[in-house]
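Participant: Coordinates for the following, if possible.
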Amino acid sequence: ILCFSLDDFINFFQLPFPNYLKIDVDGAEEKVLAGASKTLDDKRLRSILIELPARSDVTDRVIAQLKLKGFSFMQQAKRDQENIINFIFTR
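Facilitator: Numbering: from 1, shown residues only. Now for the predicted structure:
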């Protein structure tokens, strides 16, 4: 399997900068965010939808990290699965 951090992927392939991100990685959320530090700092990124467990230490850390990057919690929507919630953050 070939893996890139989001920052490296955008740079290597010279992609247009994303305005929106959807992160659905089943347990690797913190790793994805760690590899997207430059992307998260860029004000062109306006919104993130991230799927997280309803209640966990990981969820608390991810929410805190996104707030430090300048995002505000906007809303959440419970998925069909019992303990999974889609969190939406905006700038």
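
Participant: and the lowest-mean-pLDDT helix or strand in the chain, how far out from the chain's middle?
Facilitator: Sorting the helices and strands of the chain by mean pLDDT, DSSP states H and E puts strand 72-78 at the bottom, at a mean of 88. Strand 72-78 sits 13 Å away from the centroid of its parent chain (C-alpha atoms, centre = their mean, to the nearest Å).

Participant: Relative to that strand, what are the paired strands and their orientations?
Facilitator: Applying DSSP bridges, strand 72-78 is found paired with strand 84-90 (antiparallel).

Participant: what's in contact with the strand it pairs with?
Facilitator: Among residues not part of strand 84-90, those counted as contacts by C-beta atoms under 8 Å, 6 or more residues apart in numbering are 46-54, 63, 66, 71-79. Where C-beta positions appear, they are placed from N, C-alpha and C, glycine not excepted.

Participant: what number of residues lie near the nearest residue to Phe12 once chain neighbours are set aside?
Facilitator: Leaving aside its chain neighbours, Phe12 sits nearest to Phe4 (6.8 Å; criterion: C-beta to C-beta, 6 or more residues apart in numbering). By other C-beta atoms under 10 Å, 12 other residues sit near Phe4.

Participant: on that earlier part again, what are the contacting residues of the least confident helix or strand of the chain?
Facilitator: Contacts of strand 72-78 (C-beta under 8 Å, 6+ apart): 47, 54, 63, 66-67, 84-91.

Participant: Pick the one among these closest to Leu15.
Facilitator: Ser47 (17.7 Å; C-beta to C-beta).

Participant: any idea of the pLDDT on the closest one?
Facilitator: Looking at Ser47, its pLDDT stands at 98.

Participant: doesn't Ile23 make contact with it?
Facilitator: No - applying C-beta atoms under 8 Å as the test, Ser47 and Ile23 come out as separate, 11.5 Å apart.

Participant: okay, those two: which has more neighbours?
Facilitator: Neighbour totals were compared for Ser47 and Ile23, and Ile23 leads with 18 against 15 (other C-beta under 10 Å).
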